[in-house]
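[1] only geometry, no sequence info:
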Ligand SMILES: Nc1ncnc2c1ncn2[C@@H]1O[C@H](COP(=O)(O)OP(=O)(O)O)[C@@H](O)[C@H]1O
Ligand SMILES: CC(=O)N[C@@H](CCC(=O)OP(=O)(O)O)C(=O)O
C-alpha cells in the first residue's frame, strides 16, 4: 500500500500539468513543420542518453512534427582511428582526413552510429527510422575545402563543403511518416568515386536550408555558446545573426563549425537555430515546447 502526501503530490501534479499546457502554442506552431536535429558525438555520452534522444524523436513525430536527424561522431571516429593506428588531427575545428582515414570515417558514421540510432529509434517507435547517407540518392554533392589557420592555408585532405543538396529522398521518408537519420558524407563532385568527410554541423545546416526547416537544433556537450569562453558566466541565451557574425572570428575549435552552421541556417531562411546541452535528458523537448527554451538561440537580423 502507498500513502498520498496530499499537498506535495498536488503541487507536483500541478507543475506537470502547467508544463503540458505551456506546450500547447508550440505544438500548434510546429505541427507539420520540419525540425533538423543535429546529434553531436559528444552528446552521445551514454546508452541512456541515446535512448532518451531516440524516444524524444519518436515523441516529436508522434505529436505531429517532422524531425530529421543529422548525427555526428567525432569522438567515435577518433577512437576507431586510434584502434587502427591512423593518426588524425583537427585544424580550425575540422579533421584532417587522409585516404586511409576517410574509409574509417565512413565506416563509423554510416556503418556504426547511424545503425545504432536507427535501431534505438525503432525500439521506441517501430519502423519509424530510416538511415540515409549523404552519398545516397543524390542527397549531397560536395567539394573539397581547405581552412585558413593563423593566416596559413591548410589542406584538410578528403574534407569538403556541401555545395548542392537534393532533398527528395528526405522528403520521401517524411511523407511516408518516417524519421530520416542522415550521415554527413558527400560524394566529391570533382573526383568521381571519392567521398568527402563533411562536418556534421555544416551538413545539418545545409540540409535545414534545403528543407526550409522551421528550426535547426544542435545537441552538444555544453549548455550553449559562451561569449567569453571558458568564463561560465558568459552563457548567451539569444544572439542575432549580425551579433554572431561579429563574434565568429573570436571563437575556438568545436564552436566554429557549430556557430557557422547556425548562422548559415538562419541566413538561408531557417527561422531559428539553437545550441543546447545534449547531456541533459530530454533537453530538446524543453527547447521546443517551453516558452523560454534552453541553451543559445540564434535569430535572424
Ligand atoms: N565559446 C564556446 N562556447 C561553448 N563551447 C565552446 C566554446 N569554444 C569552444 N568550445 C568547445 O566546443 C565543444 C563542442 O564542440 P564539439 O566538441 O565539436 O562537439 P560536438 O561533438 O557536439 O559537435 C565544447 O565541449 C567546448 O569545449
Ligand atoms: C571534417 C570533420 O571534422 N568531420 C567530422 C565529422 C563528424 C562530426 O562532425 O562529428 P561531431 O558532430 O561529433 O563533431 C569528423 O571527422 O569528426
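    Thanks, I have it. None of the values given here were measured: they were computed from a predicted structure. Ligands and ions are numbered 1, 2, ... in the order given.

[2] for the residue most central in space within the chain, what are its contacts?
    Most central in the chain under C-alpha atoms, centre = their mean is residue 38, positioned 0.8 Å from the mean C-alpha point. Residue 38 is in contact with 69, 70, 71, 72, 200, 201, 204, 216, 217, 218, 219, 261, counting by C-beta atoms under 8 Å, 6 or more residues apart in numbering. The way it works is simple: take the backbone N, C-alpha and C, and place the C-beta from them, glycine included.

[3] would CSV of the residues you listed with neighbour count be doable?
    Supplementary listing: these in CSV, determined by neighbours: other C-beta atoms under 10 Å:
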residue, neighbour count
69, 26
70, 29
71, 29
72, 27
200, 28
201, 29
204, 33
216, 32
217, 27
218, 31
219, 28
261, 26
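
[4] out of the residues you listed, which touch ligand 1?
    residue 72 (C-beta under 6 Å from any ligand atom).

[5] and the closest residue to ligand 1 within the stretch 151-300 of the chain, backbone torsions?
    In the stretch 151-300 of the chain, the residue that lies nearest ligand 1 is residue 254 (2.2 Å; C-beta to the nearest ligand atom). Backbone torsions of residue 254, given as degrees, to the nearest 10, read phi -50, psi -30.

[6] who in the stretch 51-200 of the chain is up against ligand 2?
    Within the stretch 51-200 of the chain, the positions adjacent to ligand 2 are 72, 73, 74, 77, 94, 95, 105, 159, 184, 197, 199, 200 by C-beta under 6 Å from any ligand atom.

[7] strands of the protein, start to end?
    Using DSSP state E, the strands assigned to the chain run over residues 34-39, 66-71, 90-91, 94-95, 129-133, 140-149, 152-165, 179-183, 185-187, 195-197, 215-220, 238-240, 272-277, 296-299.

[8] burial measure for the residue of the stretch 151-300 of the chain closest to ligand 1, as a count.
    Residue 254 has 18 neighbouring residues, counting by other C-beta atoms under 10 Å.

[9] of the contacts of residue 38, closest to ligand 2?
    Closest to ligand 2, out of all of the contacts of residue 38 and judged by C-beta to the nearest ligand atom, is residue 72, at 2.1 Å.

[10] check what pLDDT the nearest residue to that closest one once chain neighbours are set aside gets.
    Leaving aside its sequence neighbours, residue 72 sits nearest to residue 200 (C-beta to C-beta, 6 or more residues apart in numbering; 3.7 Å). Per-residue confidence (pLDDT) for residue 200: 97.
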